[in-house]
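Visitor: only the shape, not the letters, is given here:
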């Protein structure tokens, strides 16, 4: 009512005379309502100053802390054909237990005695190496014998040359003596001829001296022949030395050539032996690979390549195994804007799928059904979902995680940050600001040690 009239009805009309007016316009009602509003305002103001723990919420899944404890598949490094299964899904296997038997699909490995035949080839080639070694030793002995024989032969020929040279000297002396003797014989002959002409010598003496002169001449010619023969012997001895050296050098060179040929064949045979030994090791290991075994203790989750007679390629997954001994962990993914706020060793609250929980994000101490975790690894490269992966391990200072949790189940995580008043958190939410950036307190010197 605008009350624009000079006749004010609220002064002339009393609404408390009516039942509805009496119930609404009582003063006690206004007093209770005002008290309620005042108490609510005081409570709201007190709540605004209560502490609130900032947190980063994320979703993830249960995994294992160590890579070798995560579900893995068993592959065969060689192609083959499945012949027999020794396990079924759900079986527990120990490390080294046989899972299945396979057979070869490549024609070069069909021979069942391939390993033994390769071993026989290695023995035969090894014998060839020994034979070549003995041949090399025999050629070494032959070369040493030829060298010794050449030295003796050269010494013999040099002695012969020395004898020929001494004989030349002796014949030259004899030749000189024969020349002196013929000169004497000529003078005696001339003297006898002169005396015979004078009548002092007989013709008989002349003839005797002439005979001596002819004998001296014959002796001189014979001595010249001996001297020339001796010189010829010297030349023959020198030529024989060269011939002996050339002959024995040729024999020694041929023996050395045979030795080097034998060594080359020996090295080639050794290379073939090494190659065969390598093939033997490969065949032996390949024969063992016909039985696919478990890499560690665990349970057969799923047979990925079932049936009998089914062929597969090398590296193809055959069976999935879940290790029996595992250390549970949770991998969660956070937004890039929240990544600088996380640090190694920080506390995290975790809620597992299938485990009822009452979560108070601002008061983790009063949350019920959540479990404690600790940041152990932060990925430095963004994942395919556009977030960063963070690995959480159980907090030993908190309650133990449920035993019935299985790898792969979902999890809801809350990373706890700085404690702030509720009014600050509301103001931050309204303005869309990120949580406070802070660094955890540094460890003391004793804790570092």
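Guide: Thanks, I have the structure now. Keep in mind it's a predicted model, so treat the numbers as computed, not measured.

Visitor: element containing residue 306, please.
Guide: In this structure, residue 306 sits in neither a helix nor a strand according to DSSP states H and E.

Visitor: no, scratch that, I was asking about residue 407
Guide: Under the assignment here (DSSP H and E), residue 407 is part of no helix and no strand.

Visitor: okay, it and residue 353: tell me how far apart.
Guide: Residue 407 sits 13 Å away from residue 353, taking Cβ to Cβ, to the nearest Å as the criterion. Just so you know, the C-beta spots here come from the backbone N, C-alpha and C atoms, and that holds for glycine as well.

Visitor: more neighbours, the two?
Guide: Set side by side, residue 407 and residue 353 show unequal neighbour counts under other Cβ atoms under 10 Å, the larger going to residue 407 at 16 against 12.

Visitor: does that one touch residue 65 like I think?
Guide: No. The pair residue 407 and residue 65 does not pass the contact test of Cβ atoms under 8 Å, sitting 10.9 Å apart.

Visitor: overlap in contacts of those two?
Guide: Taking Cβ atoms under 8 Å, 6 or more residues apart in numbering as the contact definition, residue 407 and residue 65 share the neighbouring residues 326, 328.

Visitor: beta partners of residue 102?
Guide: For residue 102, the beta-bridge partners under DSSP bridges are residue 82.

Visitor: quickly find the element holding residue 164.
Guide: Take DSSP H and E as the rule and residue 164 turns out to sit in helix 114-197.

Visitor: and that helix, what does it pack against?
Guide: Here helix 114-197 is seen to pack against helix 203-288 when contacts are counted using 3 or more Cβ pairs under 8 Å, 6 or more residues apart in numbering; DSSP states H and E.

Visitor: what is the mean pLDDT for the helix it packs on?
Guide: Confidence over helix 203-288 (mean pLDDT, whole number) is 84.

Visitor: between that helix and helix 114-197, how big is the angle?
Guide: Here helix 203-288 runs at 170 degrees with respect to helix 114-197, directions being taken by axes from the mean of the first three to the mean of the last three Cα atoms, to 10 degrees.

Visitor: what's the first helix or strand after helix 203-288?
Guide: Using DSSP H and E, the helix or strand that directly follows helix 203-288 along the chain is strand 291-293.

Visitor: quick check: buried residues in that next one?
Guide: Residues 292, 293 are the ones in strand 291-293 that count as buried (16 or more other Cβ atoms under 10 Å).

Visitor: cool, and stretch 398-408?
Guide: Applying 16+ other Cβ under 10 Å to stretch 398-408 flags 401, 405, 407 as buried.

Visitor: what's the span of it from first residue to last?
Guide: Using Cα to Cα, to the nearest Å, the end-to-end distance of stretch 398-408 comes out at 22 Å.

Visitor: for that stretch, what is the distance to the chain centroid?
Guide: Centroid separation between stretch 398-408 and its chain, computed with Cα atoms, centre = their mean, to the nearest Å, is 39 Å.

Visitor: same question, stretch 214-230
Guide: With Cα atoms, centre = their mean, you get 91 Å for stretch 214-230.

Visitor: in the stretch 1-150 of the chain, which spans are strands?
Guide: All strands of the stretch 1-150 of the chain, identified by DSSP state E, counting those that start in this stretch, fall at 51-64, 72-75, 80-85, 92-93, 98-103.

Visitor: dump those to JSON lines, plus distance to residue 136, mean neighbour count and mean pLDDT.
Guide: Putting those into JSON lines (distance: least, Cβ to Cβ, whole Å; neighbours: other Cβ atoms under 10 Å; pLDDT from 0 to 100) gives the following:
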{"stretch": "strand 51-64", "distance to residue 136": "62", "mean neighbour count": "18", "mean pLDDT": "82"}
{"stretch": "strand 72-75", "distance to residue 136": "49", "mean neighbour count": "17", "mean pLDDT": "89"}
{"stretch": "strand 80-85", "distance to residue 136": "46", "mean neighbour count": "16", "mean pLDDT": "91"}
{"stretch": "strand 92-93", "distance to residue 136": "56", "mean neighbour count": "17", "mean pLDDT": "92"}
{"stretch": "strand 98-103", "distance to residue 136": "46", "mean neighbour count": "18", "mean pLDDT": "91"}
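
Visitor: can you list those strands in a markdown table and add distance to residue 319?
Guide: As requested, these are arranged in a markdown table below (distance: least, Cβ to Cβ, whole Å):
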| stretch | distance to residue 319 |
| --- | --- |
| strand 51-64 | 19 |
| strand 72-75 | 5 |
| strand 80-85 | 10 |
| strand 92-93 | 9 |
| strand 98-103 | 6 |
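
Visitor: for the ones you listed, which one sits closest to residue 299?
Guide: Proximity of the strands of the stretch 1-150 of the chain to residue 299 was assessed by Cβ to Cβ; the nearest stretch is strand 92-93, lying at 5.5 Å.

Visitor: list of residues touching that closest one?
Guide: Strand 92-93 is contacted from outside by 87, 99, 294, 297, 298, 299, 300, 321, 324, using Cβ under 8 Å, 6+ apart.

Visitor: now those: which count as buried?
Guide: The neighbour-count test (16+ other Cβ under 10 Å) marks 87, 99, 294, 298, 300, 321 as buried among those.

Visitor: now those in JSON lines, with distance to residue 114?
Guide: Rendered in JSON lines, the data for these read as follows (distance: Cβ to Cβ, whole Å):
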{"residue": "87", "distance to residue 114": "28"}
{"residue": "99", "distance to residue 114": "24"}
{"residue": "294", "distance to residue 114": "27"}
{"residue": "298", "distance to residue 114": "33"}
{"residue": "300", "distance to residue 114": "32"}
{"residue": "321", "distance to residue 114": "31"}
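
Visitor: kindly report the domain assignment for the chain.
Guide: Under the assignment automatic domain parsing, the domains of the chain span 8-48, 53-68+326-444, 71-104+290-323, 114-288.

Visitor: before we move on, the earlier item: closest to residue 316 out of the strands of the stretch 1-150 of the chain?
Guide: Of all the strands of the stretch 1-150 of the chain, strand 72-75 comes closest under Cβ to Cβ, at 6.3 Å.

Visitor: packing partners for that closest one?
Guide: Right, strand 72-75 is packed against strand 317-323 by 3+ Cβ pairs under 8 Å, 6+ apart.
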